[in-house]
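K.L.:
Okay, structure incoming, though there's no sequence with it:
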Ligand SMILES: *Cc1c(COP(=O)(O)O)cnc(C)c1O
């Protein structure tokens, strides 16, 4: 019997990449594999995608080093740049590409010795107001980078859209894209704009390099669509088993806090997965779990290691039967919507004790 397993379908990763290439045939692909490849296992994902993509992107230096340790030789882009002066010689040696989003990073570069010039992409703020040079900083930062002997020329330009997944905010999105291209006029290096929603919804965001994340994993960036709706295949299927089955009477109260009362005599299934595995405790009663081809509703609070489902009075299920929490047959988008979050968060939160298994 399986306790909790995340099955990773590497074929699905490949077919999703092919789909992405069909959306942005002129663009080079930077596979975003931060946060352990959105919980999918960064080494498996990177090794599977390596022959199919042009570069990888991560948030932090240790994530980039993990890719090199796994034998990945392609460019790795640090989306947040670097945090400490000591990071710079490592970035230079490893040939990492770093975003430069703040003048403080340029100061660091000036005072730090590097064994060879670094690859830099100037990150500009086009509307998110999170990281990036503001309108009045762009020209000066660009000039400093272009005049630095410690930087490989020509430098690139990178930015991130804040409402690419919100069709109702198309004006604000257009404004961001137009401003990006206004700045890009002065650049002869690489341009990198579109993330998943940018690639699908906004042809102008399909720049020289694009940065798909969530869609590679077969998951939709939109609140009202699933990955399958978009022609993608979910890569992760999170599954467990029924570890106990018990009869309960109408009126009996289930779980911590007794938040679910049996509306009739029924059979309760105990599934061997809980929030200690990454299944969200915030799901309400009646969230679907796929068991023997049907949706069994959750009943009562999710525990650390287990959760309850109402199998129904006539259930024929057995201990050991498989329970799919999300993935093939049950979109993670649906579970995320039920608990008021986005699927990104659910897949990222898979805990280290979950078995990772490759689909045969
Ligand atoms: C995470 C991230 C991405 C990928 O976003 P998706 O919506 O998953 O495609 C792209 N760019 C930056 C800067 C990011 O932080």
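P.N.:
Sure thing, it's come through. Just so we're clear, the structure is a prediction, and the values are computed from it rather than from any experiment.
K.L.:
Identify the residues contacting residue 128.
P.N.:
Under the criterion of CB atoms under 8 Å, 6 or more residues apart in numbering, the contact partners of residue 128 comprise 160, 161, 162. C-beta here means a position set from N, CA and C on the backbone, and glycine is covered the same way.
K.L.:
ok, now residue 36?
P.N.:
Residue 36 touches 42, 348, 350, counting by CB under 8 Å, 6+ apart.
K.L.:
switch the cut-off to 6 Å
P.N.:
Contacts here follow CB atoms under 6 Å, 6 or more residues apart in numbering; on that basis residue 36 touches residue 42.
K.L.:
Using the three-state scheme, assign it.
P.N.:
Secondary structure of residue 36, reduced to three states by DSSP: H, G, I helix; E, B strand; the rest coil: helix.
K.L.:
Just the pLDDT for it.
P.N.:
Predicted confidence (pLDDT) at residue 36: the value is 98.
K.L.:
and the gap between it and residue 351?
P.N.:
Noted for residue 36: a distance of 11 Å to residue 351, by CB to CB, to the nearest Å.
K.L.:
Give the buried residues for stretch 99-106.
P.N.:
By neighbour count, and taking 16 or more other CB atoms under 10 Å as the criterion, the buried residues in stretch 99-106 are 99, 100, 101, 102, 105, 106.
K.L.:
just curious, which of the residues you listed is nearest to the ligand?
P.N.:
The shortest distance between the ligand and any of the buried residues of stretch 99-106, using CB to the nearest ligand atom, involves residue 99 and amounts to 8.0 Å.
K.L.:
Find the helix or strand that the closest one is a member of.
P.N.:
Counting by DSSP states H and E, the secondary-structure element that holds residue 99 is strand 97-100.
K.L.:
any idea of the mean pLDDT in the next helix or strand after that strand?
P.N.:
Past strand 97-100, further along toward the C-terminus, the next helix or strand under DSSP H and E is helix 103-111. Mean pLDDT, computed over helix 103-111, is 97.
K.L.:
what residues does helix 103-111 touch?
P.N.:
Outside of helix 103-111, the residues that reach it under the criterion CB under 6 Å, 6+ apart are 81, 85, 144, 150.
K.L.:
Next secondary structure element downstream of that helix?
P.N.:
Following helix 103-111 toward the C-terminus (DSSP H and E): strand 119-123.
K.L.:
where does the closest residue in space to residue 49 that isn't next to it in sequence fall, phi/psi-wise?
P.N.:
Using CB to CB, 6 or more residues apart in numbering and skipping residues adjacent in sequence, the residue nearest residue 49 is residue 31, 5.0 Å away. The phi and psi values for residue 31, taken as degrees, to the nearest 10, are phi -80, psi 120.
K.L.:
In stretch 3-23, which residues are buried?
P.N.:
When neighbours are counted by 16+ other CB under 10 Å, the buried residues of stretch 3-23 are found to be 4-10, 12-17, 19-21, 23.
K.L.:
now swap in stretch 105-124 and tell me
P.N.:
Quick answer for stretch 105-124 (16+ other CB under 10 Å): 105-106, 108-109, 112, 114, 118-124.
K.L.:
and what of stretch 202-220?
P.N.:
For stretch 202-220, burial by neighbour count (16+ other CB under 10 Å) applies to 202, 205-220.
K.L.:
end-to-end on that stretch?
P.N.:
The separation between the terminal residues of stretch 202-220, taken as CA to CA, to the nearest Å, is 15 Å.
K.L.:
Spit out the contact partners of the residue of the stretch 51-200 of the chain found nearest the ligand.
P.N.:
Taking CB to the nearest ligand atom as the measure, the point where the stretch 51-200 of the chain comes nearest the ligand is residue 196, at 3.1 Å. By CB under 6 Å, 6+ apart, residue 196 lies in contact with 212, 213, 214, 215, 221.
K.L.:
How confident is the prediction for it, by pLDDT?
P.N.:
At residue 196 the predicted local distance difference test score is 98.
K.L.:
before we move on, what about the one 5 residues further on?
P.N.:
According to the model's per-residue confidence, residue 201 sits at a pLDDT of 96.
K.L.:
So the closest residue to it other than its chain neighbours, which state does it fall into?
P.N.:
Among residues not flanking residue 201 along the chain, residue 164 sits closest, at 6.2 Å (CB to CB, 6+ apart). Per three-state DSSP, the local secondary structure of residue 164 is coil.
K.L.:
which ones are touching residue 127?
P.N.:
Going by CB under 6 Å, 6+ apart, the list of residues near residue 127 reads 162, 176.
K.L.:
contacting residues around residue 269?
P.N.:
For residue 269, the contacting residues are 242, 245, 309, 311, taking CB under 6 Å, 6+ apart as the criterion.
K.L.:
Which ones, among these, also lie beside the ligand?
P.N.:
Of the residues in the contacts of residue 269, proximity to the ligand by CB under 6 Å from any ligand atom holds for none.
K.L.:
Now render the residues you listed as CSV, adding neighbour count, pLDDT and secondary structure.
P.N.:
Output for these, formatted as CSV (neighbours: other CB atoms under 10 Å; pLDDT from 0 to 100; DSSP: H, G, I helix; E, B strand; the rest coil):
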residue, neighbour count, pLDDT, secondary structure
242, 24, 98, strand
245, 16, 98, strand
309, 24, 98, strand
311, 24, 98, coil
